[in-house]
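# I need the structure of the sequence given here:
(chains A and B)
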Amino acid sequence: MMNRIAPFALLALAVALYFALPYNLAFLTRILIMAVLVLSLDLVLGFAGIATLGQAAFYGAGAYAAGLFAIHAWADPIAGLVVAGVAGAVLAFISGLIVLRAHGLTLIMLTIAVAAICHEIANKARDVTGGADGLRGIRMEPVLGLFEFDFVGQTGFWYALAVLAAVFTFLTLLTRAPFGLSLRGIHESPERMAAIGTSVYWRRVAAYTLGGAIAGVAGALSAQVTQLVSLESFSFTLSAEALIMLILGGTGRLYGAVLGTLVFMFVHHWAAANDPFNWLFVIGALVLAVVFFLPRGLVAVPTALKRLGGQNAGS
Amino acid sequence: MTRAIRAALVAVTATLLPAASPADTIKVGVVAPFSGPFAIYGKQYQEAVETYVAQHGTTAGEHEIEFIYKDVGGPNPDQSRALAQELLIRDQVDYLAGFTFTPNALAVGPLIEQSQTPTVIFNAATSSINKESEFYLRTSYTLWQVSAPLAEWAYDQGMRTVATTVTDYGPGIDAENAFKAAFEAKGGEVVDAIRMPLATTDFTPFIQRVRDAAPDAVFTFLPGGPPTFTYTKTYNENGLAEAGIKFLGTAETEEVNLQGLGDAAIGLTTAYHYSGAHDSDENRAFQAKLTELFPDAIANWASVGAYDGTHLIYQMVAAAGTDGPAAVEAAKTLEWESPRGPVKMDPETRTLIQNVYIREVARDEATGQLVNRETGVIATVGDLGWDK
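Predicted structure coming up:
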């Protein structure tokens, strides 16, 4: 029941926020884009159990692919999303073939290394990427030939929301399909899955590739809305923040990923707006509180409350 | 009980209602890093802006001026654009300011072009930013502006061969190109152009390579802070000064980190547009007010960029109020005496035409502090990188 209502509640919340905060559409759009990235991480980490701190590699690859495609080939946003998705997938597939042979800490280090290498390539190839100055000159055509990207950010918001909803639906279907269930099985016990004849390595590569494609789409959204791509889209900070949002919301649940992003970005925005100088304390306290009291993330709040209520009734 | 509730209600309404303000308040949005590793920039800007406001009041012409600060964290164009959008749409600012990193400044280009918002760059030093929109104005400097005169000065001092060592990132490469172009145009020779990774902590191999090449001087560009410290230390320990290889730099000896360099820094030569030790009444008045408001504050190039930027905004507001295009027009002909020396807005590049000073680090007898002692003006130039 909960599973059926939650996505619609989130959709309704997004629409409500659009009307409640008409002046903050740029900020809301950034939340939507981050949610797509965190969802991709949820697929890779939450479902497939691949510990990664390098999801920004595919986000950045998607952002640069979409930016370069818009500048040199075709400025259609949807085509850009497809190109970025393919770019993210290709990079994830190739790097996944290598890094997924490792496990645990080695795997984490390798994923960080992939993102760092991408960062350095983008830095060195100044003629193509603009280096540290960023890739500029991205001018997008209207979405579907109808909706021009406007100054206030209305088109950007609905566009990002539509993409987020599509990604969410796709992942919901995927996690219920045999493939998704096999990933969950691999997460729980790789040995047993291997014993019943599942090719664990290739399933993980497939999940990693899909996650790369979705992260690429998130990168493309950011490139199209901001009209600029910088080296920071490959940064470690981005990978780490996405991971914090996922842990905050609860791994292995799709609406947990969205909720975590929403809460993190809102607290971040609210705290930074009220005290632009010391707001990091608030974020630190929030993360600590969640890790200590809700190790399974914010989605576990109802369960935790129920348990608390049950204890009180019992005593 | 009821009294308490009533008091609480009054308090709540008081905070909810907008504070009574004059009908005409012009808002300026300052986008800068106030948290994280680059927070020093935000701090320097804010102190300088408040110093200017304390000296000149909160009114310019017939308008009240109010500053709104937004934290962008670091190089983050997405955030920069989102903050600028929020400032323009929700807070209804008429001017934007700040911008430490080039991508952050570039990200707001399409916005300020559409909303016709004059945007004063306090730091970002890549020449090409101002080409993206007519509404960019810059009160800092560009890398070409200081590196090229330094190269010419070095040649005139009789140096014929130079090795360049720059950090391998955007500004470092710009500095290398600028120095090389100017030095070779004069007839000098760059014997070795070394690019050092951004994360370098041990400069010995690079310094050793320079020593082996034995040029007349070594030109360097490093991001401020620890790298500069380690680099100058390695320069001294390897005896380059004794070997007759002169140090040529730009921002390496900036005031905030200067004391930390210690005696090793004495004698380092740099070319730059602002020294905290600049000998003028304007500079003394600026620093006196700054330390009166913020006892721990140290003025450096970021402070003076923000201070002059605030001056520029006051002048634009006084001349044109909220009319963006008219404000930029008015700014184009401005000249004033800044704490760094005389400055003039270049109407074409919208970057300041200013003196580039040659300085040597020395210990001030009176205070016992290290200072950048200006020994002369080597050029009065605008943005030399505009056509490059």
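# use CA for all of it now, contacts and neighbours both
Fine.
# helix, strand, or coil at residue A:151?
Here residue A:151 is recorded as coil under DSSP: H, G, I helix; E, B strand; the rest coil.
# from memory it sits against residue B:112, does it?
No. Applying C-alpha atoms under 8 Å, one finds residue A:151 not in contact with residue B:112, separated by 10.1 Å.
# which of the two has more neighbours?
The residue with more neighbours, out of residue A:151 and residue B:112, is residue B:112; 23 against 16, by other C-alpha atoms under 10 Å in any protein chain shown.
# with adjacent residues omitted, what lies nearest to that one?
residue B:135 (6.7 Å; C-alpha to C-alpha, 6 or more residues apart in numbering or on different chains).
# okay, residue B:8: pLDDT?
pLDDT for residue B:8: 46.
# and if you look at the one 10 residues further on?
At residue B:18, the model reports a pLDDT of 43.
# the one 4 residues further on too?
Looking at residue B:22, its pLDDT is 47.
# same thing with residue A:264?
In this model, residue A:264 carries a pLDDT of 90.
# hang on, it in a strand?
No. Counting by three-state DSSP, residue A:264 is not found in a strand; it is helix.
# quick one: it and residue A:247 touch, right?
No. Using C-alpha under 8 Å, residue A:264 is not in contact with residue A:247, being 10.5 Å away.
# do you know the pLDDT at residue A:259?
89.
# cool, residue A:3 as well?
62.
# and for residue A:203, nearest residue in space, chain neighbours not counted?
Per C-alpha to C-alpha, 6+ apart, closest to residue A:203 is residue A:183, 7.1 Å.
# what sits against the residue of the stretch 251-388 of chain B found nearest chain A?
With distances taken as C-alpha to the nearest C-alpha, the stretch 251-388 of chain B approaches chain A most closely at residue B:388, which sits 14.4 Å away. Going by C-alpha atoms under 8 Å, 6 or more residues apart in numbering or on different chains, residue B:388 touches no other residue.
# state which helix of chain B is the longest.
helix B:301-320 (DSSP state H).
# what packs against that one?
Here helix B:301-320 touches helix B:39-56, strand B:59-60, strand B:95-98, strand B:119-121, helix B:324-331, going by 3 or more C-alpha pairs under 8 Å, 6 or more residues apart in numbering or on different chains; DSSP states H and E.
# for that helix, the averaged confidence score.
94.
# what angle do that helix and helix B:324-331 make?
Computed by axes from the mean of the first three to the mean of the last three C-alpha atoms, to 10 degrees, the angle separating helix B:301-320 from helix B:324-331 equals 110 degrees.
# give me the contact list for helix B:301-320.
So helix B:301-320 is in contact with B:26, B:41, B:44-49, B:51-52, B:60-63, B:95, B:97-98, B:120-123, B:138-140, B:254, B:273-275, B:326-328, B:330-331, B:338-340, going by C-alpha under 8 Å, 6+ apart.
# ok so, going back, am I right that the residue nearest to residue B:112 is in contact with residue B:115?
No. The criterion here is C-alpha under 8 Å, and residue B:135 misses it with residue B:115 at 9.7 Å.
# the more surrounded of those two?
Counted by other C-alpha under 10 Å, residue B:135 and residue B:115 do not tie: residue B:135 has more neighbours, with 25 against 15.
# need the contact list for the more buried one.
B:112-113, B:116-119, B:324-325, B:328.
# I'd like these as a markdown table, with distance to residue A:187 and pLDDT appended.
Output for the contacts of residue B:135, formatted as a markdown table (distance: C-alpha to C-alpha, whole Å; pLDDT from 0 to 100):
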| residue | distance to residue A:187 | pLDDT |
| --- | --- | --- |
| B:112 | 49 | 93 |
| B:113 | 51 | 90 |
| B:116 | 54 | 93 |
| B:117 | 53 | 95 |
| B:118 | 54 | 96 |
| B:119 | 51 | 96 |
| B:324 | 58 | 91 |
| B:325 | 60 | 93 |
| B:328 | 60 | 94 |
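# by neighbours, which of those wins?
Busiest of the contacts of residue B:135 [other C-alpha under 10 Å] is residue B:119, holding 30 neighbours.
# and it, what does it touch?
B:95-97, B:112, B:135-137.
# out of those, which is nearest to chain A?
residue B:112 (10.1 Å).
# low-confidence regions, the stretch 201-315 of chain A specifically.
A:310-315 (pLDDT under 70).
# let's have the helices and strands packed on helix B:301-320 in CSV, adding distance to residue A:140.
As requested, the helices and strands packed on helix B:301-320 are exported to CSV (distance: least, C-alpha to C-alpha, whole Å):
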stretch, distance to residue A:140
helix B:39-56, 33
strand B:59-60, 40
strand B:95-98, 25
strand B:119-121, 24
helix B:324-331, 26
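# rank the ones you listed by pLDDT, which is bottom?
Among the helices and strands packed on helix B:301-320, strand B:59-60 scores lowest, at a mean of 90.
# just checking, what packs against it?
Counting by 3+ C-alpha pairs under 8 Å, 6+ apart, strand B:59-60 packs on helix B:301-320.
# for the helix it packs on, output the C-alpha coordinates as CSV.
Listed next in CSV are the C-alpha coordinates belonging to helix B:301-320 (Å, rounded to 0.1, in the frame of the first residue of the first chain):
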residue,chain,number,x,y,z
TRP,B,301,43.9,41.9,-3.3
ALA,B,302,40.5,40.3,-2.7
SER,B,303,39.6,43.0,-0.2
VAL,B,304,40.6,45.8,-2.5
GLY,B,305,38.7,44.2,-5.4
ALA,B,306,35.6,44.2,-3.3
TYR,B,307,36.2,47.7,-1.9
ASP,B,308,36.6,49.2,-5.4
GLY,B,309,33.7,47.1,-6.6
THR,B,310,31.5,48.6,-3.9
HIS,B,311,32.7,52.0,-4.9
LEU,B,312,31.7,51.2,-8.5
ILE,B,313,28.3,50.1,-7.5
TYR,B,314,27.7,53.2,-5.4
GLN,B,315,28.7,55.4,-8.4
MET,B,316,26.4,53.4,-10.7
VAL,B,317,23.5,53.6,-8.4
ALA,B,318,24.0,57.4,-7.9
ALA,B,319,24.2,57.9,-11.6
ALA,B,320,21.5,55.6,-12.9
